[in-house]
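Student: Sequence first, predicted model second:
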There are 2 protein chains.
Amino acid sequence: MTKSFVGSSYGMKLVRALRLVLGRGEFALHEPTFGDEERRYVLDCIDSSYVSSVGRYVELFETQLAEYVGVRRAIAVVNGTSALHVALKVIGVGSGDEVLVPSLTFVATANAVSYCGATPHFVDSSFKTLGMDPESLADWLSFVAVKSRHGSLNIQTGKRIKALVPMHTFGHPCDIEDLARIAYDYKLRVVEDAAESLGSFKDGRHTGSFGHLSTISFNGNKVITAGGGGAVVTNDLKLADRVKHLTTTAKIPGGFGYSHDAIGYNYRMPNLNAALACAQLERLPALLESKRRLAKSYAATLEDIEFLSFVREPRNCKSNYWLQTVILSDEATSYSDEILFTLNKNGLGSRPAWDLLNQMDFYKDCPCAPLNSSLELARKIINIPSSAGLA
Amino acid sequence: MTKSFVGSSYGMKLVRALRLVLGRGEFALHEPTFGDEERRYVLDCIDSSYVSSVGRYVELFETQLAEYVGVRRAIAVVNGTSALHVALKVIGVGSGDEVLVPSLTFVATANAVSYCGATPHFVDSSFKTLGMDPESLADWLSFVAVKSRHGSLNIQTGKRIKALVPMHTFGHPCDIEDLARIAYDYKLRVVEDAAESLGSFKDGRHTGSFGHLSTISFNGNKVITAGGGGAVVTNDLKLADRVKHLTTTAKIPGGFGYSHDAIGYNYRMPNLNAALACAQLERLPALLESKRRLAKSYAATLEDIEFLSFVREPRNCKSNYWLQTVILSDEATSYSDEILFTLNKNGLGSRPAWDLLNQMDFYKDCPCAPLNSSLELARKIINIPSSAGLA
């Protein structure tokens, strides 16, 4: 049997299983769900003429998002990448610093570190959560970091390790409490990348409420969308004010003119996008229920397939199941490309995990922990059709 | 007579003159105009479910914008600031470079330079155009710059002067051809900041078609708006491809996964915003006509006021009259605050020019030419209600 024959027979077996859940038709990896409220709010926004930097939907969305996440403040911004950039900026990440990020994440997590003039320092992820692994992080830091009064130094590079950016992969909460304990021990600030995990909870607390600052994305492929959009959330009112200030060009209020007290950013979310976001936030509970139903159906149906396992929410977690995920068995891993090809050819939008960031040319010289699990996960993960409304 | 009495009597005289044009009511400095098309396109976008990074409105807008400006390519981005940032980036502005920018401009022009790790180098503006003054620029460069084979060096700082960023202030075209000649002479790249000048022409050519790359803003206060939004326009197809690539996270196309070949940015304009922008671009000719009518009325009515002059389009130019502008006489300049206060108190949204950038704390140590005209302009300029539809 040729490799491609074996691979596509694996693929067809998965296609048939997914069809039991999805029925006939073509299904994207992830599509948003809109209804009358979205149309109504956006039209109301246009009719008000306040489509841009000022408007009631931005304020409403910030208030309702903070309430939902269970934090004191939310600041709406233009996307998740800008949220990460400004979050790192306000905790003082700057030129010459290192920031610990998972190697298995979307490139924005590391890019935001680079925008600050700092260097991403890649660490391993866990099979249990798909997020940063506390055990291997602790091992690595005990080897590479030396604690000092004001933080930790990387003894290999001589640079200050300033912060830790755990990410909740595909919506599954990582071991954020253990990671936060390690961060505390090494005097690292925690910026929680909750880009993918709106609606996900760990021990009853919403992801994004653990870090000094956390970031959320409302890109078109996320659980809810603002077209483009993101947010920084935090319980620290001083940091929140600073984020709001820096994301609105650091303009000094008062007077008729324009004066600024820092190099700021044009990162505010337009009111037009906030109008869409408000309607989507109202719809979130229903979307989450639907995604849980889909996960339940997938879990039951895929149980019989011997060459993969369906990823369920970690212990003590409630996941938003943003992207439904399977992990291939050792045997099937080498057929990953053929399986993906077969799924997509049959109209089932699927994709692998991100290429590991430490393997990209422009990050290959960055500091990097041993990545045993990440290397394996990157080859074994397949995301399958995940839109709310599929079950 | 107290100062405040004199100032408010100047102010009331201006209020009465503006009322002759505007009639009764409250008028913002600048408001957008929306109609059925805006509502229809945005709803169509929501109904398509493509509200985010992919969608036909982004492509349509890019095509129609390039056609309108008369360039080969337009790349839609999230706002004018991001457009400037990426434009400077692709022409190679980096750490240790200097970039010549007017001191009299919105802070984003200089901030974009800073984002590249470079230093803004401030130059003077002209009373004739309110934009960068070619004569004083030539004088200053002959004093401060030494030409070398690959560019010019600032002999005071030892840094490379890499580029020139002229801006078309309030929509009035600056002396872009003369400035481009000087840039050519000193081997400087030209990034034309056309944030405010969509619909403005110099010698029959649209502003934004002169620079190696040019940038446009579609912020809510601009002649047309996308809620938020911006664009890079250029005739250089290679630079255009590079801009598109860097603004879409430098993702390598092909395959099912995510690989990237550079530190990119999440700067793409969401399709939702592009839908609004498409409708607005169709409306642009009518808006421009309306703004010209308003300028004509203002010019006629304000002719009799001895303590100011109304700013008309420069010679051989057709201005979009984005923000209608008066310049106070020497005598009235010291009453500028009282005049602004009186205008706004009487419901006529007005504002002064931006504070000069070289005077802001975080830019005060940057290289700076003599700024005779800018200093005067910054104290004398008042923008008055400018929305299309006011005349």
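Tutor: The structure has been received and is ready for your questions.
Student: ok, which residues in the stretch 51-200 of chain A are in contact with chain B?
Tutor: Residues of the stretch 51-200 of chain A found near chain B (C-beta under 8 Å from any C-beta of the partner chain) are A:51-54, A:78-82, A:106-108, A:111, A:114-115, A:117. Backbone N, C-alpha and C define where each C-beta goes, glycine included.
Student: meant to ask about the stretch 251-391 of chain A, not that
Tutor: Within the stretch 251-391 of chain A, the positions adjacent to chain B are A:256-266, A:268-273, A:276, A:340-341, A:344, A:350-355, A:360-362 by C-beta under 8 Å from any C-beta.
Student: taking those one by one, which sit in strands?
Tutor: Under the assignment DSSP state E, these contribute A:Arg351, A:Pro352 to strands.
Student: and the residues of the stretch 251-391 of chain A next to chain B, which are buried?
Tutor: Buried by 16 or more other C-beta atoms under 10 Å in any protein chain shown: A:256, A:258-260, A:262-266, A:268-273, A:276, A:340-341, A:344, A:350-355, A:360, A:362, out of those.
Student: Can you show me the strands along the stretch 1-150 of chain A?
Tutor: Applying DSSP state E, counting those that start in this stretch to the stretch 1-150 of chain A gives strands spanning A:73-77, A:97-102, A:119-123, A:145-148.
Student: any chance of those strands in a markdown table, plus distance to B:Arg283?
Tutor: Listed next are the strands of the stretch 1-150 of chain A as a markdown table, based on distance: least, C-beta to C-beta, whole Å:
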| stretch | distance to B:Arg283 |
| --- | --- |
| strand A:73-77 | 27 |
| strand A:97-102 | 45 |
| strand A:119-123 | 45 |
| strand A:145-148 | 58 |
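Student: would you list the ones you listed in JSON lines and tack on mean neighbour count and mean pLDDT?
Tutor: Converted to JSON lines, the strands of the stretch 1-150 of chain A look like this (neighbours: other C-beta atoms under 10 Å in any protein chain shown; pLDDT from 0 to 100):
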{"stretch": "strand A:73-77", "mean neighbour count": "27", "mean pLDDT": "98"}
{"stretch": "strand A:97-102", "mean neighbour count": "26", "mean pLDDT": "98"}
{"stretch": "strand A:119-123", "mean neighbour count": "25", "mean pLDDT": "98"}
{"stretch": "strand A:145-148", "mean neighbour count": "15", "mean pLDDT": "94"}
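Student: at contact distance from chain B, anything in stretch A:230-239?
Tutor: No: using C-beta under 8 Å from any C-beta, we find that stretch A:230-239 stays clear of chain B, coming within 8.9 Å at best.
Student: how about that stretch: buried residues?
Tutor: The neighbour-count check on stretch A:230-239 (16+ other C-beta under 10 Å) flags A:Gly230, A:Ala231, A:Val232, A:Val233, A:Thr234, A:Asn235, A:Asp236, A:Leu239 as buried.
Student: cool, stretch A:53-65 as well?
Tutor: Quick answer for stretch A:53-65 (16+ other C-beta under 10 Å): A:Ser53, A:Gly55, A:Tyr57, A:Val58, A:Leu60, A:Phe61, A:Glu62, A:Gln64, A:Leu65.
Student: What is the subsequent helix or strand relative to the lengthiest helix in chain A?
Tutor: Counting residues, the longest helix found in chain A (DSSP state H) is helix A:271-302. Later in the chain than helix A:271-302, the nearest helix or strand by DSSP states H and E is strand A:308-310.
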